[in-house]
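S.K.: based on what follows, work out the 3D shape:
(one chain, ligands or ions: 1)
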Amino acid sequence: MPSVPCMMHFSLERNKAKEMDTSVSVDEFFEQVITVKMTPDKKALDIIDQTLLPGTVKRIQLTSREAIWEAIKRLQVRGAPAIGCTAAYGIALLASQYQTGDTEEFVKKLKEDKAYLASSRPTAVNLFWALNRMERTCEQAAAEGMSVPDMKELLTEEAQKIRDEDVAISRNIGEIGFSLLKELKKDGKPVNIETHCNAGTLATAKYGTATAPVYMALEHGWAGSDLHVYCDETRPLLQGARLTAFELQQAGVTTTVQCDNMASILQQNGKVDIIFVGCDRVARNGDAANKIGTSGLAIIAKHYGIPFYVCAPSSTIDIATPTGAEIPIEMRDPDEVTEMWYSERMAPEGVDVFNPAFDVTDHSLITGIITEKGLCKAPFEQAFRELGIE
Ligand code: MRU
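M.R.: I've put the predicted structure just below:
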């Protein structure tokens, strides 16, 4: 896909961040908030610590498998594609540290590290997809008799490929989403989009999935005021308020934050034209797991007749999982609900807390699933097959 020169500029002046320039182009901004990369000497992973956003923009370096595991578990790096990229770079980094010159030993160690990183989070299938791809690359190279130093090099290249492919995937998703936005554009009025959680540039290598149509619109010359994105706050970890609102506001897009329980009044009052959400795993029948609250949003959208699109790289579609009922849902620490955002506890000590990180949106509520290969409509299993997603 041809790269479209970016025309917009925006200001970071109101951000408290110390490390960012005060006025940068969108491409420079993307560079500064890059979710994950290798340091130039390839001795560490370099991630933006998303737990500190939006107040502090800080990059941290990870060198051990424990630190990489922790960063994924604690959501310092999060979002399905970004987790996949981190795992791929993580394997490449860890493999570069192996002291052995023996191929068999090398493959064995890589498999151990793969299993360890795979235990960090259960729902986003991109994690397992990326780890499997790195393992396959290693096994194939070993079978072909490649030397250990060459295998180390190859794994770094493969991780970089996964990252670069993710950028291209987001752009394709964005172009398809943008074609839907163009249909909704009326003279002098912004297109109103609602989104949930952060499926933005911070959740991917670049552009995001649910936000990609917005970034593509900007690249195609739309002004930030031609778009109005309503960001669900996204309790309990506030990815919508902290991350999506941050990146879209920095990009100059008209942005509004509302609490999750305000989605109904928003849609009832005709404020939303279209909904784009990301996803962590799509089952064969089109059921889609995404951040907790997504399925409620889809139910409300169905009631008010608002188109609801799931934006999904094909690596997020898990053909081996028949329906959403088989998608493992991560349960997280009760403190995230009762204490994390408050100066004092907001629920009685000892009370039970229900804190699933994701829910599954039934395929019947989904207008379409936008993949980089094309737009899928129900019946989804057939649509996936037609696009070669198997
Ligand atoms: O728990 P998180 O913050 O990793 O959850 C992220 C989401 O649910 C995103 O919507 C999803 O991973 C898609 S990211 C393009």
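S.K.: thought L181 was touching P307?
M.R.: No - counting by Cβ atoms under 8 Å, L181 does not reach P307; the two are 11.1 Å apart. Glycine gets a C-beta too; all of them are placed from N, C-alpha and C.
S.K.: now the common contact residues for those two.
M.R.: Overlap of the contact sets of L181 and P307 (by Cβ atoms under 8 Å, 6 or more residues apart in numbering) consists of I274.
S.K.: residues from the stretch 151-300 of the chain in reach of the ligand?
M.R.: Counting by Cβ under 6 Å from any ligand atom, the stretch 151-300 of the chain comes close to the ligand at C197, A199, A203, T204, G208, T209, Q239, G278, C279, D280, N290, K291.
S.K.: could you report the neighbour count for the residue in the stretch 151-300 of the chain that the ligand sits nearest to?
M.R.: Checking the stretch 151-300 of the chain residue by residue against the ligand with Cβ to the nearest ligand atom singles out G278 as nearest, at 2.8 Å. Counted by other Cβ atoms under 10 Å, the residues lying close to G278 total 31.
S.K.: I'd like the numbering to begin with 3 instead of 1 from here.
M.R.: Fine by me, first position is 3 from now on; the one you just mentioned is G280.
S.K.: re earlier: got a quick PyMOL command for the buried subset of the residues of the stretch 153-302 of the chain next to the ligand?
M.R.: Applying 16 or more other Cβ atoms under 10 Å to those, the buried members can be selected in PyMOL as follows:
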select buried, resi 199+201+205+206+210+211+241+280+281+282+292+293
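S.K.: now, which of the residues of the stretch 153-302 of the chain next to the ligand sits nearest E167?
M.R.: Using Cβ to Cβ, the shortest approach to E167 within these belongs to T206, at 11.0 Å.
S.K.: ok, now which ones touch the closest one?
M.R.: Applying Cβ under 8 Å, 6+ apart, we find T206 in contact with T37, G81, P83, A84, C87, D168, V169, S172.
S.K.: neighbour-wise, which of those leads?
M.R.: P83 (33 neighbours).
S.K.: now the two most distant members of the contacts of T206.
M.R.: Largest separation among these by Cβ to Cβ: G81 and V169, giving 14.0 Å.
S.K.: quick revisit: which of L183 and P309 has more residues huddled nearby?
M.R.: L183 (22 against 16).
S.K.: what about that one, which helix or strand?
M.R.: helix 150-186 (DSSP states H and E).
S.K.: buried ones in that helix, by neighbour count?
M.R.: Buried residues in helix 150-186, counting neighbours by 16+ other Cβ under 10 Å, are found at 150, 153-158, 160-162, 164-165, 167-169, 171-180, 182-183.
S.K.: now it: mean pLDDT?
M.R.: Mean per-residue pLDDT for helix 150-186: 98.
S.K.: the next helix or strand after it: partners in the sheet, and parallel or antiparallel?
M.R.: As assigned by DSSP H and E, the chain's next helix or strand after helix 150-186 is strand 193-197. Take DSSP bridges as the rule and strand 193-197 pairs in its sheet with strand 229-234 (parallel), strand 276-279 (parallel).
S.K.: what's the model's confidence in the last one, averaged?
M.R.: This means strand 276-279. Averaging pLDDT along strand 276-279 gives 99.
S.K.: how far out from the middle of the chain is that strand?
M.R.: When distances are taken as Cα atoms, centre = their mean, to the nearest Å, strand 276-279 is centred 15 Å away from the chain's centroid.
S.K.: for stretch 37-44, same thing?
M.R.: Worked out by Cα atoms, centre = their mean, stretch 37-44 lies 19 Å from the chain centre.
S.K.: just stretch 314-323 next, same as before
M.R.: Distance of stretch 314-323 from its chain centroid, counting by Cα atoms, centre = their mean, is 14 Å.
S.K.: C-alpha coordinates for it, CSV please?
M.R.: Extracted C-alpha coordinates of stretch 314-323, given in CSV (Å, rounded to 0.1, in the frame of the first residue of the first chain):
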residue,chain,number,x,y,z
ALA,A,314,-8.9,-7.4,13.7
PRO,A,315,-5.6,-8.4,12.2
SER,A,316,-6.0,-11.9,10.7
SER,A,317,-3.6,-13.1,13.3
THR,A,318,-6.3,-12.3,15.9
ILE,A,319,-8.7,-14.7,14.2
ASP,A,320,-8.4,-18.1,15.9
ILE,A,321,-9.9,-20.6,13.5
ALA,A,322,-9.0,-23.4,16.0
THR,A,323,-11.5,-21.9,18.6
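S.K.: for the residues of the stretch 153-302 of the chain next to the ligand, which one is nearest V259?
M.R.: Among those, and counting by Cβ to Cβ, the member closest to V259 is Q241, at 11.4 Å.
S.K.: helices of the chain, start to end?
M.R.: Secondary structure of the chain by DSSP state H: the helices cover 28-34, 67-75, 82-99, 105-120, 127-145, 150-186, 214-221, 241, 247-252, 265-270, 296-306, 337-340, 382-388.
S.K.: looking at those helices, which is closest to D48?
M.R.: Ranking those by proximity to D48 (Cβ to Cβ) places helix 82-99 first, at 9.2 Å.
S.K.: can you tell me which helices and strands that closest one packs against?
M.R.: Applying 3 or more Cβ pairs under 8 Å, 6 or more residues apart in numbering; DSSP states H and E, we find helix 82-99 packed against strand 38-40, strand 47-50, helix 67-75, helix 105-120, helix 127-145, helix 150-186.
S.K.: change it to 6 Å
M.R.: For helix 82-99, the packing partners by 3 or more Cβ pairs under 6 Å, 6 or more residues apart in numbering; DSSP states H and E come out as strand 38-40, helix 67-75, helix 105-120, helix 127-145, helix 150-186.
S.K.: and these: which comes nearest W343?
M.R.: helix 67-75 (19.0 Å).
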